[in-house]
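Student: Provided below for reference: sequence and predicted model.
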Amino acid sequence: KQALLTQLSAQADLLRQLSHEDALTGLANRRWLDLLLEQECERAARFRHPLSLAMLDLDHFKAVNDRFGHAVGDAVLRQLARLLRDHCRRADVVARYGGEEFTLILVEAPLPLASQLCDKLRQQIERFDWRSLHPDLHGITVSMGLAGNAEAHTPEALCALADERLYQAK
């Protein structure tokens, strides 16, 4: 009986993880991002703290897949996820929004600080030796759009503004 309870508990933990995590990158998935963004927006409003949202898109990712294949494309996505996770602050949320788009919830970060953090991330991505994934792979860059809760007060408005700015950056 105890073994069955242990097995059921392990399966419940696995289901919980799968419902929150992107299978390829191990980052928060879109569903979990939406929930966390709602919570962080409410917390920021309640305590009058700054909150910023960054949307990132891998530049020319279709060309990477076309030239090197989907296995290399997946390796690029996994490596980008590692770089984002390793170079963001502990309190921040890093999520895969979908495809080659990623989202960062930058907790207690007004736009000037968020902009600095994003610039550092962009530099880390550009400095990474992408040839470690494929000898001919180089020049991986990202475009970013950034919005803050001083200018957009709901999760939907933050996402829309960050997405608009990402589109402008492309």
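Tutor: All right, it came through fine.
Student: With adjacent residues omitted, what lies nearest to Gly26?
Tutor: Leaving aside its sequence neighbours, Gly26 sits nearest to Ala81 (CB to CB, 6 or more residues apart in numbering; 6.6 Å). All C-beta spots, glycine's among them, are computed from the backbone N, C-alpha and C.
Student: in a helix, that's where that neighbour is, yeah?
Tutor: Yes. Remark: Ala81 belongs to a helix, assigned using DSSP: H, G, I helix; E, B strand; the rest coil.
Student: Now do the SS call for Glu151.
Tutor: Secondary structure, three-state DSSP: Glu151 is coil.
Student: give me the element the spatially closest residue to it that is not a sequence neighbour is part of.
Tutor: By the measure of CB to CB, 6+ apart, the closest residue to Glu151 outside its immediate chain neighbours is Leu161, 6.7 Å from it. Secondary structure assignment for Leu161, by DSSP states H and E: helix 155-169.
Student: That helix: how far from the chain's middle?
Tutor: Centroid separation between helix 155-169 and its chain, computed with CA atoms, centre = their mean, to the nearest Å, is 14 Å.
Student: what comes into contact with it?
Tutor: Contact with helix 155-169 is made by 34, 37-38, 41, 51, 53-57, 103, 143-149, 151-152, as judged by CB atoms under 8 Å, 6 or more residues apart in numbering.
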